[in-house]
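Peer 1: predicted coordinates and the sequence they were generated for:
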Amino acid sequence: MNGFTLNTGTVMPSVGLGVLFAKDNGEVEEAVLSALQTGYRKIDTASAYKNELGVGKAILESDVPRKNIFLTSKVWNTEQGYDSTLEAFDKSLKRLQTNYLDLYLIHWPVKSKYVETYKALEKLYNDGRAKAIGVCNFNVAQLENLMQNSNIIPSLNQVEMHPHLGQIELLTFAKKHGIQLEAWRPIMMGEVSKIPELLSIGHTHNKSAVQIALRWQLQRGVAVIPKSTNSKRIAENFNLFDFELSPLEMELIESLNQNRQLGEDLSHLE
């Protein structure tokens with residue numbers, strides 16, 4: 001439960017720190033350092049977040065060796081295409097002050113470019129510069145098309161997923177093909193704290209609604225990357241391994257699905 005084995009054989013921590021909107025002015029460094037001190041060993045950033053410099057600085061400043069940190073970044077829509085993806089990867093490495101990534105992802109499926117972009121990711125994987133490769137925000141049809149036009153099955157698909165967006169079809173497909181799912185916005189930007197069913201289950205376990213929402217994902221086999229820059233919340237989001245939800249509690253949370261997306265589809269931004 002503390003880790004999920006990817007189709008490359010690599011074990012990826014099941015809980016990571018997401019740093020979307022964390023500013024590259026000291027804020028992201030403090031968040032990453034706090035997370036690493038708490039026990040996190042996975043950090044998820046992206047070229048588009050404009051904070052890779054700060055993430056890299058924090059990792060260097062921490063007392064956790066780079067080899068013990070699972071570091072993810074992503075290629076943005078405007079960087080896609082074979083040569084430009086390779087160039088974008090090099091720029092990310094430079095900003096992060098590392099010579100490899102544990103996971104490199106396509107941020108959005110830009111229709112005219114994602115197959116070509118993935119071929120660049122395959123080269124990075126074959127060259128050993130990205131230890132695993134994958135995608136974000138791909139639906140089943142896009143995954144099927146990608147797999148028909150590539151040689152390496154994506155290790156991971158990172159998608160919006162939370163109690164109001166269960167992504168059942170995608171989860172079933174991913175498990176069938178050995179693709180790890182990872183949830184962004186898993187706590188609905190804090191909105192899970194207002195869901196009565198999660199509050200009630202949390203009361204039973206002496207946990208917050210946020211912790212219940214995150215634990216639910218882990219027990220479904222889904223990795224999570226909750227975002228916070230608050231050290232107390234960063235610690236709370238990691239404190240998920242000393243309790244277990246019952247089958248009935250899992251079913252109740254599954255029943256909250258509304259197929260409700262909170263995030264905007266950005267695949268059109270080329």
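Peer 2: Cool, got the structure. This one's a predicted model, so the numbers in the text were calculated from it and none came from an experiment. Numbers count the residues shown, from 1 in each chain.
Peer 1: contacts, neighbours, all on C-alpha from now
Peer 2: Will do.
Peer 1: you'd agree Thr117 is up against Thr85?
Peer 2: Yes - using C-alpha atoms under 8 Å, Thr117 is in contact with Thr85, at 6.2 Å.
Peer 1: residues contacting Leu146?
Peer 2: Counting by C-alpha atoms under 8 Å, 6 or more residues apart in numbering, Leu146 makes contact with 114-115.
Peer 1: measure it to Asp242 for me?
Peer 2: Distance from Leu146 to Asp242, counting by C-alpha to C-alpha, to the nearest Å: 38 Å.
Peer 1: and the helices in the chain?
Peer 2: Ranges of helices in the chain, per DSSP state H, are 27-38, 52-61, 82-96, 114-126, 140-148, 168-177, 196-205, 209-219, 231-238, 247-254.
Peer 1: mean neighbour count, those: which tops it?
Peer 2: A comparison of those by mean neighbour count, using mean count of other C-alpha atoms under 10 Å, puts helix 209-219 on top with a mean of 24.
Peer 1: tell me what it is packed against?
Peer 2: Judged by 3 or more C-alpha pairs under 8 Å, 6 or more residues apart in numbering; DSSP states H and E, helix 209-219 is in contact with helix 196-205, strand 223-224, helix 231-238.
Peer 1: out of the ones you listed, which comes closest to Ala31?
Peer 2: helix 231-238 (6.9 Å; C-alpha to C-alpha).
Peer 1: now that closest one, how far from the chain's geometric center?
Peer 2: 17 Å (C-alpha atoms, centre = their mean, to the nearest Å).
Peer 1: same thing with stretch 61-75?
Peer 2: 14 Å.
Peer 1: then stretch 33-41?
Peer 2: The chain centroid and the centroid of stretch 33-41 are separated by 16 Å under C-alpha atoms, centre = their mean.
Peer 1: now do stretch 77-94
Peer 2: Relative to its chain's centre, stretch 77-94 lies at 19 Å (C-alpha atoms, centre = their mean).
Peer 1: report the rounded mean pLDDT for it.
Peer 2: Averaging pLDDT along stretch 77-94 yields 98.
Peer 1: show me the contact partners of it.
Peer 2: Applying C-alpha under 8 Å, 6+ apart, the contact partners of stretch 77-94 are 47, 52, 73, 75, 99-101, 107-110, 113-114, 116-121, 124, 267, 269-270.
Peer 1: for the chain, which spans come out with low pLDDT?
Peer 2: 1, 270 (pLDDT under 70).
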